[in-house]
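Trainee: based on what follows, work out the 3D shape:
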Amino acid sequence: MVQKNNVNQLEMVETVEYGGRRPTGLTKSFLMATALCWALFQLWAASPLPFTFGIGVFNDTEIRSIHLAFAIFLAYLFFPFRRRISHQIPLIDWLLAATAAFCAAYLFLFYEALAERAGAPSGFDVGVAVAGVLLLLEATRRALGWPLMLIGACFLGYTFAGPILPDLLAHKGASLERVASHQWLSTEGVFGVAVGVSAGFVFLFVLFGSLLEQAGGGHYFIRVAYALVGHRRGGPAKAAVLASGLTGMVSGSSIANVVTTGTFTIPLMKKIGFSSEKSGAIEVAASTNGQIMPPVMGAAAFLMVEYLNLSYLQVITHAFLPALLSYIALLYLVHLEAVKAGMPAVHRSHVATLWSRLLRWGLTLSGVALFFLLAYWLVGLVDQLLGEYSFWGNALLILALYGLLIYGEVRYGLRQQDENILEGVTPGQALLGGLHFLLPILVLVWCLMLLRLSPATSVFYAICLMMVIQLTQEALRALYSGNRLTEGFVNGFRSLVTGLENGARNMIGIGVATATAGIVVGTVSLTGIGQVLGELVEVLSMGSVVLMLLLTALICMILGMGLPTTANYIVVSTLMAPVIVQLSASHGLDIPLVAVHMFVFYFGILADDTPPVGLAAYAAAGISGGDPIHTGLRSFFYDIRTAILPFMFIFNTELLMIGVSGVGDFLLIALQGLAAMLLFVSATQGWLIVRNRLWESAALLLVVFSLFRPDFWQQQIFPSMAWQPPQQIDAYLAKLQSGDKLRLQVEVEEESGEFRKKDVLLQASTLEGELSLASFGLLTEADSEGLRVVDVVFMSAAEGAGLEAGFTHRVHGYYLPQQQPDKNWFLILPLALLALILFMQQRRREITDSG
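Mentor: Numbering: from 1, shown residues only. Modelled structure (predicted):
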């Protein structure tokens with residue numbers, strides 16, 4: 001059965017990730033050589049070598065053009081017209097591949113000529129653009145299926161159909177020449193930020209993950225996870241969660257994560273009693289959540305850097321705590337599933353007592369910590385001694401550490417012939433049996449966080465070290481074991497070439513997807529459809545902020561169905577993030593932009609396990625033999641714990657480390673968040689100490705809400721703002737300091753003549769001198785009811801909040817900040833309720849045990 005599942009998994013990888021083509025002979029060699037050239041080109045473009053030697057220097061637009069040319073060329077050759085396994089490539093696909101590659105490379109080949117006639121394309125330019133867009137959509141259908149292709153086609157159709165659409169959707173439309181120029185011949189559409197990030201960052205991180213997997217790093221993570229928790233109650237399921245979390249940190253695909261770790265973990269979960277659907281669902285939930293885990297986040301982290309104008313370190317800082325809470329909660333969920341099913345823990349014969357386990361753990365972890373602390377001290381010492389030559393000194397130091405770690409693996413870790421064994425492996429053996437795989441990851445983190453290098457430069461150095469490891473690890477093992485070196489070097493070279501080729505093949509779908517997502521971005525900038533979506537959601541939400549967020553979440557999940565992580569984030573952030581920003585501002589809410597983007601990203605990712613598409617669920621079901629729809633529904637039920645996080649950090653941005661000062665604040669927020677997530681899992685799973693009664697689950701949900709939002713109860717009893725009539729607003733504005741915001745209550749006159757009240761939050765564009773309403777873009781005159789808005793300054797804060805001139809708006813009042821007690825005082829009653837539930841359940845457990 002395991003062998004059959006392995007065959008199914010390999011076919012799944014071929015058809016979903018790599019395409020269904022399995023060419024042979026010269027055709028196979030040509031395609032592999034093309035993929036290898038793509039990988040080498042991306043490494044060359046990211047390295048300092050072009051600037052050192054003064055050759056092969058490309059600007060960003062040229063790199064994007066070449067990047068997409070490789071991706072679309074390989075898409076037509078690896079992915080057949082229909083999704084099936086085939087060995088031949090028909091002539092028509094060769095012609096389509098060559099034509100598509102030429103269209104994509106057009107910006108590179110005729111860069112100077114296009115720059116000279118920018119905005120006035122020739123007839124041939126337009127023809128190339130039209131052919132390029134159509135061929136891109138077909139390549140997208142082949143590589144990724146219908147969903148993204150239809151999204152791109154619909155947005156193109158919307159661009160041309162504007163004049164004939166109903167009033168709510170209507171716009172003035174655009175000519176074919178303008179659309180071609182905008183979407184293909186500029187950097188506003190297909191060759192925009194999305195493809196730029198794909199070419200500049202995403203390819204390198206996908207390549208790094210491919211090299212790490214090919215070298216054995218993926219199985220190392222699985223082995224370590226199984227050694228740590230495999231013997232616990234429901235151990236294989238917990239190992240699946242840990243392994244998927246570790247793999248997901250560098251993986252750019254939920255599906256790839258499923259088939260990488262699920263091949264080992266799903267059969268083990270079934271072996272101890274989990275059903276096929278539950279085994280697959282646990283793997284899907286863990287793999288999907290791997291896309292929200294820093295440092296890569298399915299490559300969305302690098303897109304957020306560009307879209308939000310934040311540093312990479314800021315993005316992963318905001319993303320870290322929610323992702324960690326989600327994974328810990330999933331571990332606890334798996335534990336409760338095992339408890340409810342009565343699964344026993346596996347007692348290991350080689351671990352006799354608790355003290356021996358603690359001693360092993362202590363010695364192993366202390367040894368690893370001391371080793372890396374010593375490495376940290378040596379790096380600092382090399383910097384002091386060698387000065388400007390410290391780079392080469394540190395490189396030699398890392399290579400020396402690498403040699404020592406390989407020696408430790410051979411001497412104290414697993415024997416090479418035992419590397420595929422999971423049962424009976426101690427945590428020490430598992431850790432030492434591949435500890436050198438952590439070195440490239442540490443180099444990556446060191447360069448990103450301590451040296452503050454760019455993501456592309458950081459991962460380039462990590463890839464260089466990874467390539468050295470692939471070339472030499474088998475030879476070093478042979479050297480330390482007294483065997484021949486030649487075979488080790490040969491195998492290492494083959495492994496390196498395969499890793500480079502697989503990295504390029506993994507990028508085909510992502511490269512094509514980001515280009516098609518660029519069509520969506522270009523359409524939004526060309527037609528203003530984002531405003532239309534905002535109005536539609538505002539009408540449907542009927543003024544309710546919570547309903548607005550629920551509708552946005554639902555739309556994100558629909559838009560994200562069938563899309564890879566990178567394209568998923570591009571689409572939902574382009575379409576739905578502005579909607580939340582616009583509507584929250586019109587309701588007087590001050591939501592940080594990073595919280596908005598995290599919100600839409602989380603719900604876009606959840607589409608990976610949501611039926612009827614749920615590609616990750618289909619992949620897991622293919623391994624487990626279960627029903628894909630039931631697997632998807634079960635995994636979505638498991639992922640509800642992840643779905644509540646975005647709603648919480650929209651209103652409680654401290655979960656994103658916004659406004660957190662000091663270690664004490666962080667620990668308090670982390671503990672509150674952790675307790676809330678674990679209790680939410682207990683409430684939804686119906687089990688805390690014993691099986692919950694219905695009222696206990698409802699009470700636990702109330703405690704969860706209170707832990708996440710203690711400010712809600714604070715606000716109900718001690719409001720943070722007190723309404724004031726507009727007559728005293730000038731005196732209040734005179735007291736405002738730099739960075740303060742003004743919250744107004746505005747009356748808006750409807751077509752019926754009735755007035756509707758709403759709150760708006762404004763921030764002045766400049767705080768020089770004494771403030772007035774004009775500083776926020778409002779020109780008013782007094783009337784009997786307040787201040788009528790006579791005019792709204794163009795591009796002002798008032799216009800951004802949706803206020804309009806023409807006497808249809810009236811300033812009815814403003815809000816004065818009030819003193820409040822600490823919000824954590826309002827946790828006393830919820831915690832007392834939790835204590836009561838724990839006491840009652842413990843009593844029931846004692847009665848059951850004594851009976």
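Trainee: who are the contact partners of residue 293?
Mentor: 245, 248, 249, 323, 327 (C-beta atoms under 8 Å, 6 or more residues apart in numbering). Where C-beta positions appear, they are placed from N, C-alpha and C, glycine not excepted.
Trainee: ok, residue 149 next?
Mentor: Residue 149 neighbours (C-beta under 8 Å, 6+ apart): 137, 138, 140, 141, 516.
Trainee: roughly how far apart are the fourth one and residue 509?
Mentor: In this case it means residue 141. 12 Å (C-beta to C-beta, to the nearest Å).
Trainee: neighbour count: the two, which is higher?
Mentor: Between residue 141 and residue 509, counted using other C-beta atoms under 10 Å, residue 509 has the larger neighbour count: 31 against 21.
Trainee: next secondary structure after the helix or strand harbouring that one?
Mentor: Using DSSP states H and E, residue 509 maps to helix 486-527. Of the helices and strands lying after helix 486-527 in sequence (DSSP H and E), the nearest is helix 529-541.
Trainee: list the buried residues for that following helix?
Mentor: 529, 530, 532, 533, 534, 537, 538, 541 (16 or more other C-beta atoms under 10 Å).
Trainee: avg pLDDT for that helix?
Mentor: Taken as a whole, helix 529-541 carries a mean pLDDT of 79.
Trainee: heading C-terminal from it, find the next helix or strand.
Mentor: By DSSP H and E, the next helix or strand past helix 529-541 is helix 545-559.
Trainee: helices or strands up against that next one?
Mentor: Under the contact criterion of 3 or more C-beta pairs under 8 Å, 6 or more residues apart in numbering; DSSP states H and E, helix 545-559 touches helix 529-541, helix 565-575, helix 577-586, helix 593-605, helix 640-651.
Trainee: so which of these comes closest to residue 679?
Mentor: helix 640-651 (10.4 Å; C-beta to C-beta).
Trainee: quick one, what contacts the residue nearest the centre of the chain?
Mentor: The C-alpha lying nearest the average C-alpha coordinate of the chain belongs to residue 297 (C-alpha atoms, centre = their mean; 3.4 Å). The neighbours of residue 297, taking C-beta under 8 Å, 6+ apart as the test, are 291, 304, 316, 319, 565, 601.
Trainee: let me know the closest of those to residue 89.
Mentor: residue 565 (28.6 Å).
Trainee: run a quick neighbour tally on the closest one.
Mentor: 30.
Trainee: same deal with residue 207?
Mentor: Count around residue 207 with other C-beta under 10 Å applied: 27.
Trainee: next one, pLDDT for the closest residue to it other than its chain neighbours please.
Mentor: Using C-beta to C-beta, 6 or more residues apart in numbering and skipping residues adjacent in sequence, the residue nearest residue 207 is residue 503, 3.6 Å away. Looking at residue 503, its pLDDT is 90.
Trainee: residues touching residue 503, list them.
Mentor: Residue 503 neighbours (C-beta under 8 Å, 6+ apart): 39, 203, 206, 207, 208, 209, 210, 211.
Trainee: how about a cut-off of 7 Å?
Mentor: 39, 206, 207, 210, 211 (C-beta atoms under 7 Å, 6 or more residues apart in numbering).
Trainee: top of these by neighbour count?
Mentor: Highest count within the contacts of residue 503 by other C-beta under 10 Å belongs to residue 206, 30 neighbours.
Trainee: what about residue 82, neighbour count?
Mentor: 8.
Trainee: quick one: which helix or strand includes it?
Mentor: Using DSSP H and E, no helix or strand contains residue 82.
Trainee: quick one on the thing from earlier: of all the buried residues of helix 529-541, which comes closest to residue 472?
Mentor: residue 530 (51.6 Å).
Trainee: nearest spatial neighbour of the closest one, chain-adjacent residues omitted?
Mentor: residue 578 (4.5 Å).
Trainee: before we move on, what about residue 290?
Mentor: Nearest non-adjacent residue to residue 290 (C-beta to C-beta, 6+ apart): residue 248, at 1.7 Å.
Trainee: looks like the one you found contacts residue 291 (just checking).
Mentor: Yes. Counting by C-beta atoms under 7 Å, residue 248 does reach residue 291; the two are 6.3 Å apart.
Trainee: ok now stretch 840-848, how far from the chain's centre?
Mentor: Relative to the chain's own centre, stretch 840-848 is displaced by 42 Å; criterion: C-alpha atoms, centre = their mean, to the nearest Å.
Trainee: average pLDDT across that stretch?
Mentor: Mean predicted lDDT for stretch 840-848 stands at 90.
Trainee: need the contact partners of the helix or strand containing residue 440.
Mentor: Applying DSSP H and E as the criterion places residue 440 in helix 438-445. If you take C-beta under 7 Å, 6+ apart as the criterion, helix 438-445 is touched by 212, 295, 398, 401, 402, 458, 459, 461, 462, 465, 466, 469.
Trainee: give me the neighbour count for the second one.
Mentor: The local packing of residue 295 (other C-beta under 10 Å) involves 22 other residues.
Trainee: so it, which state does it fall into?
Mentor: For residue 295, the assignment made with DSSP: H, G, I helix; E, B strand; the rest coil gives coil.
Trainee: that one contacts residue 315, doesn't it?
Mentor: No. Taking contacts as C-beta under 7 Å, residue 295 lies outside contact range of residue 315: 9.4 Å.
Trainee: any common contacting residues for these two?
Mentor: Between them, residue 295 and residue 315 share the contacting residues residue 301, judged by C-beta under 7 Å, 6+ apart.
Trainee: tell me the SS of residue 705?
Mentor: Residue 705 ends up helix, using three-state DSSP.
Trainee: on that earlier part again, and the gap between the residue nearest to the centre of the chain and residue 274?
Mentor: In terms of C-beta to C-beta, residue 297 sits 28 Å off from residue 274.
Trainee: now do residue 467
Mentor: 39 Å.
Trainee: what ranges do the strands span in the stretch 601-750 of the chain?
Mentor: Applying DSSP state E, counting those that start in this stretch to the stretch 601-750 of the chain gives strands spanning 721-724, 742-749.
Trainee: any chance of those in CSV, with mean pLDDT, mean neighbour count and distance to residue 785 too?
Mentor: Formatted as CSV, these follow (pLDDT from 0 to 100; neighbours: other C-beta atoms under 10 Å; distance: least, C-beta to C-beta, whole Å):
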stretch, mean pLDDT, mean neighbour count, distance to residue 785
strand 721-724, 87, 13, 15
strand 742-749, 82, 21, 8
